[in-house]
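# could you work out the structure for the sequence below:
(one chain, ligands or ions: 1)
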Amino acid sequence: MSEEMPFIENEKGEFAVPCQIKISENCVPLGKFFEDKAQAKEWAEDECWIFTGEGCFCESCHEQIMRNIANLQTKKMN
Ligand SMILES: [Zn+2]
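Predicted coordinates for the structure are as follows:
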C-alpha cells in the first residue's frame, strides 16, 4: 500500500506539493512545480518538508507545530 501524496496541478500539467496546515507566518504554502511528481516531492524533501499520513508540512509550519507542542507541555507543568 502506498500513501497517495496530495499534489497540486497547474495549467501546464506540472505538479507541486502543497503545505497542508499553513499555520506559520513564514509558511511556504506551495512547493515548486515540476513535470514529474517524484521531482516535486524531492524538492520538498530537500527543503526539509515533513511528510505524514495527514499530508505535508513545510519546514516553517513543522517548526511551529514543535513550538506549539513545547508550549502545551510547559502549560501542563504549571
Ligand atoms: Zn506551511
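# the ion contacts on this structure?
Residues of the chain that fall close to the ion, judged by Cβ under 5 Å from the ion: 19, 27, 58, 61. Every residue, glycine included, has its C-beta placed from N, CA and C.
# which intervals of this structure have sub-threshold pLDDT?
Across the chain, the ranges flagged by pLDDT under 70 are 1-4, 78.
# now do 80
Judged against pLDDT under 80, the low-scoring parts of the chain cover residues 1-5, 54, 76-78.
# show me what stretch 53-61 is in contact with.
3, 5-6, 17-29, 31, 44, 47-50, 65 (Cβ atoms under 8 Å, 6 or more residues apart in numbering).
# try 7 Å this time
Surrounding stretch 53-61, the residues in contact under the criterion Cβ atoms under 7 Å, 6 or more residues apart in numbering are 3, 6, 17, 19-24, 26-28, 44, 47-50, 65.
# rewinding a little: most neighbours among the residues of the chain next to the ion, which one?
The most crowded member of these, judged by other Cβ atoms under 10 Å, is C58 (27 neighbours).
# CA atoms of stretch 50-57 as CSV?
Coordinates of each C-alpha in stretch 50-57 appear next as CSV, following Å, rounded to 0.1, in the frame of the first residue of the first chain:
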residue,chain,number,x,y,z
ILE,A,50,7.8,16.8,6.6
PHE,A,51,5.6,14.1,5.2
THR,A,52,3.0,12.4,7.3
GLY,A,53,-0.1,10.4,6.8
GLU,A,54,-2.1,13.6,7.0
GLY,A,55,-0.1,15.4,4.3
CYS,A,56,3.0,17.5,4.0
PHE,A,57,4.1,20.4,6.2
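# list the buried residues in stretch 23-42.
Residues 24, 27-28, 31, 33-34, 40-41 are the ones in stretch 23-42 that count as buried (16 or more other Cβ atoms under 10 Å).
# wait, which of those residues is closest to T74?
Proximity of those to T74 was ranked by Cβ to Cβ; the top entry is S24 with 19.3 Å.
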